[in-house]
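**Q** Okay, predicted coordinates and the sequence, questions at the end:
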Amino acid sequence: MDLATLIGVIGAFAVVSAAIFLGGSPGVFFNVNSLIIVGVGTILVTMIKFSLAEFLGAAKIAVKAFSHKATSPEQLIELSVSLARAARQGGLLSLENEEINDEFMASGVRLLIDGHEQDVVRDMLTKDMRETVERHTSGRNIFKAIGDVGPAMGMIGTLIGLVQMLSAMDDPKQIGPAMAVALLTTLYGAMLANMFALPVADKLALRSKEERRSKSMVIDALIGIQDGQNPRVIEGLLQNYLPASKRSTDKEE
Amino acid sequence: MDLATLIGVIGAFAVVSAAIFLGGSPGVFFNVNSLIIVGVGTILVTMIKFSLAEFLGAAKIAVKAFSHKATSPEQLIELSVSLARAARQGGLLSLENEEINDEFMASGVRLLIDGHEQDVVRDMLTKDMRETVERHTSGRNIFKAIGDVGPAMGMIGTLIGLVQMLSAMDDPKQIGPAMAVALLTTLYGAMLANMFALPVADKLALRSKEERRSKSMVIDALIGIQDGQNPRVIEGLLQNYLPASKRSTDKEE
Amino acid sequence: MDLATLIGVIGAFAVVSAAIFLGGSPGVFFNVNSLIIVGVGTILVTMIKFSLAEFLGAAKIAVKAFSHKATSPEQLIELSVSLARAARQGGLLSLENEEINDEFMASGVRLLIDGHEQDVVRDMLTKDMRETVERHTSGRNIFKAIGDVGPAMGMIGTLIGLVQMLSAMDDPKQIGPAMAVALLTTLYGAMLANMFALPVADKLALRSKEERRSKSMVIDALIGIQDGQNPRVIEGLLQNYLPASKRSTDKEE
Amino acid sequence: MDLATLIGVIGAFAVVSAAIFLGGSPGVFFNVNSLIIVGVGTILVTMIKFSLAEFLGAAKIAVKAFSHKATSPEQLIELSVSLARAARQGGLLSLENEEINDEFMASGVRLLIDGHEQDVVRDMLTKDMRETVERHTSGRNIFKAIGDVGPAMGMIGTLIGLVQMLSAMDDPKQIGPAMAVALLTTLYGAMLANMFALPVADKLALRSKEERRSKSMVIDALIGIQDGQNPRVIEGLLQNYLPASKRSTDKEE
Amino acid sequence: MDLATLIGVIGAFAVVSAAIFLGGSPGVFFNVNSLIIVGVGTILVTMIKFSLAEFLGAAKIAVKAFSHKATSPEQLIELSVSLARAARQGGLLSLENEEINDEFMASGVRLLIDGHEQDVVRDMLTKDMRETVERHTSGRNIFKAIGDVGPAMGMIGTLIGLVQMLSAMDDPKQIGPAMAVALLTTLYGAMLANMFALPVADKLALRSKEERRSKSMVIDALIGIQDGQNPRVIEGLLQNYLPASKRSTDKEE
């Protein structure tokens, strides 16, 4: 998924850049004033809508959400089964030697090793899950706001450019280039919103749903392991999170 | 219904193509750059919003949804009644020889023949039904996203074209054709969204509702057959799924 | 109400036609290609969204909804009271000779004469009521879809016209008329949506609410008649459906 | 509040008129054809959406809502307390001599004097309240419809004007004035919707909320008076309808 | 947060002003007529939607919401703990000497010192909280209305300017400047809505959520102090309002 986001953003900008370069004179598309109106203007207006801290946090949330390699549900099931086996053979303390490549699972296993009560384990992990979801929601709202404000600032920039051009229309030859510059802010705003901010907001929503499912699986698995349940039973339980087509078919051997 | 979709899509594009060809010079309407900005750009941005797998799955879902010939409710009732009769006469095992032209019904009958418990049969078929609905919902969201992104990429392409044209306005004679090319991306985006993606998304929603109803009927019928209920009773039960005007009127003979 | 719809549709088109004829050269406003793109295109795209049968049914629903003369609540109360009196004097069978000018009431009275159980009567009439509402909802959705698709096809047609005009801009004198033709599809789409499809969709919604109320009144009245209740009691019951200002004031004589 | 509406509507049109007159040649802004397309067209299309009676009633509702001088909550409390005192001293019949300047309160007091049961009083007044709310809702929907249809008719009128102008573009000097006339319908539609219909619809919603609160207060007060409750108790009860900052502070003397 | 709003509004207008000044001839962007149409027009139309009092109150609400320095949740916890300690050592009356820099907390402590019942304390504080939220909601609705009306008035102003320009198109050289002036109202409306009214409305919503949380914390703390609960218990209770990452980690010492 992270790959899809990366490919999507880079690819979309590459396609647009190609169109710009193939049209000759790419320099026309770069204008500092226009960039400042749309870029800095959007940042400032978005800052009115949120607090300074939230705004600065949005980028971090996005980077984290996309760089963080999610463990697939299948891998989580496999991992849970092997942990459950180890725990049945050597007790919960033996889990200390297991290599656990899912961060949330690892932090949960540490709670088991430390010997916390089941309610404490569940509470702490559930709180962690909820906060991840809240953080994603907050990040998503900021990206949506950027997607709203960007085109608005683009339109304001274009109106300013048009007024300047029209009020000083001495040389008809100047009209074209001046209008081109005026349109740049609209273009910047449209690209910022449609090729970056809004799709990223949508992806964060999807991502949030996935993390919630993934963390729910881990919590279920850890409770099962702490209870010393049969690895097969844990596997069956976790497979309910999978679409039917992906469930292991040897369930009823 | 599949026919309506096919006729609709092909017909709509035919009408537009006719308008293009009748206007002379249809070649003007074909531009590789514009096609890439709208086509590839829309695919890439939609990929940001979803995972790679989901995106690739959307086409498959659409093809399957439209090529799959749905059994009409009336046919399902007839089929259920004949299966119920056969089961009463020769037992569930005799169903093995029946020819069943509805895939979902056939897979359900196989469960009956295999002698699964009623709860198992109901669970497995209900899960299958739910997944079909989920698959349609996912497909629908992707088509809706394409319908949103397409026109946005079209506008971005047109803005790029306008900026290029305006910034190099040497020869007034060149303005017209350059602007025509610039407008092409808007046209492509509008056609992609309004004549394909959005209507297909709406159709998938309708289709999903129908499949849910159809599969509910099959599940009700199979439970009745397993219970050895009277074919007339099953018929009465299933007729509740029909609008009153289509119900057989000899219900109270 | 039917009158309001008829006057509204005809009047609105008359006003627009007057503006067209007063401007001279009304022939400019008629263009076969444009009509086909908007008219046939809208029909085809709407067909993608719905099934063929539903689409063809929409016109029938609209015609029926608007030609069907609704019995006013006051008339229904009067009719119910006179039927209740007749039933008390001569028994339910005597209703056979009553002239009943409301179709739904007439079909309900036939059920009473046939001696059906109260539950059967209520069930059959309620189903009939629900289906009328569903039919209106379905018709409404199709008119709303037409109202969405029409302007979109209009914009596509205009874009095609603009591209054709701009790509062959030899004679500046040709620009005006070509652009006029290009704008025609937008005009057709706007008129189709705003002066016909969307208002009719809204009217069907209102109509549906009214028929639901009217049929509820009939069902309440018939149940009361079957129970042999006092005509005054039935009148009081039905007057709850009226706004207070229209209730007969001699209620407490 | 009525004042705010009156000042708002008149003031907004005055500001726009000033801009028109200051620009010289105000006659340009008056065009009978354009007025008919937007004015009569909007009325006719709105008539399709509603029944004739509802449409004609909307103006009456608006006039009544805005001319009707609402009694302020504070005045209602004062009035209720003085009525409660009078009723305690001289019985309900003595209320006949009280001067009551709130219409709803007066009609309620008449019910008390007539000696109706408490349930009857509450029912009749509640029905009256509900109908006022419904009437406002209905009026509001019609003003919202006008606010939707107005700009649509304005666009249709402008398109007609553009097509006429473009198809007969002989004299370049004629373009400007012809286009000015074409834009007039858009201007009329925008003014009708944004400076009149939509704000009035919003005001009716606010007004409806206020009348509901005010009539609730009257009903509570009348029930208390009929029960012969202490005026102080009634005052305390009614003060719950006020925002805390306006409550009399001697409540706990 | 207040800082973010201030920086945002001032910064956004500074960025736009810079673009205007860098383009030379900033005087072109100032036009009294345009300012009156958008500024006074928006105020008048917003006045139709609300009552005069509400409208005038909106500015006050905004100023208060942004100038009011909110106590951070962490500070509130610290303050509550120190108050709880003081109350346990010296009784509720000793709180009189505490310096309390949160206004809502101070007014609540006064209630405790006055010896009110717990129910009374809770009721009065809850009402105060609810009114703050209502006041913010009302202010928010007015800013949203301004954000809707502003661009509409801008469009009306531009249409008026265009009609004036087009109807008197004698000197082609005049077209540019006249059109520049016409576009000014659209620019003013867009800036008013997108750089001020809508973001402030969004911020008031966020602010309202924060104040509600903050006042809930104070109420919980005061009830705990009145009950003479252990300061640690109160601290634990209030920490539930914090995101987990900010909770003090020595909770389980």
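**A** Done, it's in. Numbers count the residues shown, from 1 in each chain, chains lettered A, B, ... in the order given.
**Q** Quick one: find the helix or strand in chain A with the lowest mean pLDDT.
**A** The least trusted helix or strand in chain A, going by mean pLDDT, DSSP states H and E, turns out to be helix A:52-67, with a mean of 77.
**Q** Check which residues of that one are buried.
**A** A:54-55, A:57-58, A:61-62, A:65-66 (16 or more other Cβ atoms under 10 Å in any protein chain shown). To be clear about C-beta, it is placed using only N, CA and C from the backbone, and glycine gets the same treatment.
**Q** One more: stretch A:94-106?
**A** Those would be A:95, A:100, A:102, A:104-105, for stretch A:94-106 by 16+ other Cβ under 10 Å.
**Q** Quick check, A:Lys203 in contact with B:Met47.
**A** No. Contact criterion Cβ atoms under 8 Å: A:Lys203 and B:Met47 do not qualify, at 9.6 Å.
**Q** which among the buried residues of helix A:52-67 gets closest to E:Val28?
**A** E:Val28 has its nearest neighbour among those in A:Phe55, at 33.5 Å by Cβ to Cβ.
**Q** wait, what's in contact with the closest one?
**A** The neighbours of A:Phe55, taking Cβ atoms under 8 Å, 6 or more residues apart in numbering or on different chains as the test, are A:43, A:46-47, A:142, E:4.
**Q** Return the subset of the residues you listed lying in helices.
**A** Residues of those located in helices (DSSP state H): A:43, A:46-47, A:142, E:4.
**Q** Quick check: which element contains A:His116?
**A** Using DSSP states H and E, A:His116 falls within no helix or strand.
**Q** Next one: it from chain C, what distance?
**A** 55 Å (Cβ to the nearest Cβ, to the nearest Å).
**Q** ok, and the closest non-adjacent residue to that residue?
**A** Closest residue to A:His116 apart from its sequence neighbours, by Cβ to Cβ, 6 or more residues apart in numbering or on different chains: A:Met124 at 7.8 Å.
**Q** isn't that neighbour right up against A:Leu112?
**A** No. Between A:Met124 and A:Leu112 there is no contact under Cβ under 8 Å: 11.4 Å.
**Q** the more surrounded of those two?
**A** Taking neighbours as other Cβ atoms under 10 Å in any protein chain shown, A:Met124 and A:Leu112 compare with A:Leu112 leading, 20 against 16.
**Q** Can you name the residues in contact with stretch A:228-240?
**A** Here stretch A:228-240 has contacts from A:73, A:76-77, A:80-82, A:84-85, A:87-88, A:217, A:220-221, A:224-225, A:247-248, A:251, using Cβ under 8 Å, 6+ apart.
**Q** Narrow those residues to those that are buried.
**A** For the contacts of stretch A:228-240, a burial check counting by 16+ other Cβ under 10 Å picks out A:73, A:76-77, A:80-81, A:84, A:87, A:217, A:220-221, A:224-225, A:247.
**Q** okay, now the residue in the stretch 1-150 of chain A that chain E sits nearest to: neighbour count?
**A** Closest approach between the stretch 1-150 of chain A and chain E, counting by Cβ to the nearest Cβ: A:Ile48, at 3.4 Å. Using other Cβ under 10 Å, A:Ile48 has 25 neighbouring residues.
**Q** so A:Ala178 touches A:Val163, yeah?
**A** No. In this structure, A:Ala178 is not within contact of A:Val163 by Cβ under 8 Å, at 10.8 Å.
**Q** of those two, who's got more company?
**A** Shown here are A:Ala178 and A:Val163; by other Cβ under 10 Å, A:Val163 has more neighbours (27 against 21).
**Q** Next up, the contacts around the more buried one.
**A** Counting by Cβ under 8 Å, 6+ apart, A:Val163 touches E:28-29, E:180, E:183-184, E:187.
**Q** Ok, A:Leu93 next?
**A** A:Ile113.
**Q** That one and chain D: what is the separation?
**A** Plainly put, A:Leu93 is 60 Å away from chain D if you go by Cβ to the nearest Cβ.
**Q** Need the phi and psi values for that residue.
**A** A:Leu93 adopts backbone torsions of phi -60, psi -30, taken as degrees, to the nearest 10.
**Q** Distance of A:Val38 relative to B:Gly41?
**A** Distance of A:Val38 to B:Gly41, computed by Cβ to Cβ, to the nearest Å: 19 Å.
**Q** so where does A:Lys127 fall, helix or strand?
**A** Secondary structure from DSSP H and E places A:Lys127 in helix A:118-167.
**Q** Fine by me, we can end here.
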